[in-house]
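**Student:** For reference, the sequence and a predicted model appear below.
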Amino acid sequence: MLFRSAGAAGALHPLLGALTWLAFGVAAFLVGMPAWRFLQMPRVVQPPEMPPAGCMNLSHLRAEARYVETYLRNCRRNVELADKTALIDQAILDLKGFQLRLADAPRSAVADLDREMTEWTRSNMGRVLAELDQKADRLIYQESLTVGLATAASPNGTLDAFVMLWRSVRLTSQLAQMYYGRPGLW
């Protein structure tokens with residue numbers, strides 16, 4: 001179909017055929033580059049399945065520590081967090097120390113280690129992600145105002161649904177870029 005369209009345009013005039021190929025190339029570039037950049041981002045790190053607090057054991061804590069370490073390593077590559085690399089590196093070192101303690105910990109210490117991991121995560125991840133969270137909150141607020149105004153001014157419900165879908169996909173993409181993690185299809 002692409003070749004037929006360009007061939008038909010070229011049959012009318014050679015310049016029109018060349019312009020058709022150029023238009024196809026530009027369209028492919030405009031679609032391909034954002035898709036390429038999107039696919040270059042790492043997938044969002046999936047947290048491990050965690051049991052209720054009373055059923056926690058050392059293997060669950062090890063899995064949680066590996067998850068947090070992987071997440072911090074992804075944060076290290078995030079350009080939005082370039083000014084936080086020292087803080088991220090220190091958090092990774094602290095986490096390595098915690099992982100070493102987990103290797104030799106008795107089963108009786110699980111509850112204390114779980115509390116310690118929770119407090120450590122809240123404290124360290126809060127410092128690393130605080131500015132990013134504020135940016136995300138502002139972006140979500142601005143986007144909700146934009147969608148609210150657009151749908152309030154539109155008399156067509158179908159158009160409202162498409163505007164909502166388009167803006168939601170756009171917001172998800174912006175948040176994924178900000179937090180440096182490619183969301184899955186769903």
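**Tutor:** The structure has been received and is ready for your questions.

**Student:** Count the neighbours of M117 for me.
**Tutor:** 19 (other Cβ atoms under 10 Å). C-beta here means a position set from N, CA and C on the backbone, and glycine is covered the same way.

**Student:** Tell me how far it lies from L87.
**Tutor:** 18 Å (Cβ to Cβ, to the nearest Å).

**Student:** again, but for S173
**Tutor:** 27 Å.

**Student:** Straight-line length of stretch 45-53, end to end?
**Tutor:** With Cα to Cα, to the nearest Å as the measure, stretch 45-53 spans 22 Å from end to end.

**Student:** What are the buried residues along it?
**Tutor:** The neighbour-count criterion (16 or more other Cβ atoms under 10 Å) identifies V45 as the buried residues of stretch 45-53.

**Student:** which outside residues touch that stretch?
**Tutor:** With contact meaning Cβ atoms under 8 Å, 6 or more residues apart in numbering, stretch 45-53 is reached by M56, H60, A63, E64, R66, Y67, T70, Y71, N74, D114, G181.

**Student:** where does this protein dip in pLDDT?
**Tutor:** 1-3, 6, 184-186 (pLDDT under 70).

**Student:** Pick the one among the contacts of stretch 45-53 closest to R43.
**Tutor:** G181 (6.9 Å; Cβ to Cβ).

**Student:** my read: that closest one touches P42, true?
**Tutor:** Yes - at 6.4 Å, G181 counts as touching P42 under the criterion of Cβ atoms under 8 Å.

**Student:** on that earlier part again, and which of the contacts of stretch 45-53 is nearest to A27?
**Tutor:** Among the contacts of stretch 45-53, and counting by Cβ to Cβ, the member closest to A27 is G181, at 28.2 Å.

**Student:** Excluding chain neighbours, what is closest to that closest one?
**Tutor:** Excluding its sequence neighbours, the residue lying closest to G181 (Cβ to Cβ, 6 or more residues apart in numbering) is V44, at 3.9 Å.

**Student:** count of neighbours near the one you found?
**Tutor:** Residues near V44, counting by other Cβ under 10 Å: 15.

**Student:** Next up, the contacts around it.
**Tutor:** A176, G181, R182, P183, G184.

**Student:** same for the host helix or strand of S168, what does it pack against?
**Tutor:** Counting by DSSP states H and E, the element that carries S168 is helix 157-179. Counting contacts by 3 or more Cβ pairs under 8 Å, 6 or more residues apart in numbering; DSSP states H and E, helix 157-179 packs against helix 110-153.

**Student:** and the helix it packs on with helix 157-179, angle?
**Tutor:** Counting by axes from the mean of the first three to the mean of the last three Cα atoms, to 10 degrees, helix 110-153 lies at 140 degrees to helix 157-179.

**Student:** Next, the buried residues of stretch 163-182.
**Tutor:** Across stretch 163-182, burial judged by 16+ other Cβ under 10 Å covers V163, R167, L171, L175, Q177, M178, Y179, Y180, G181.
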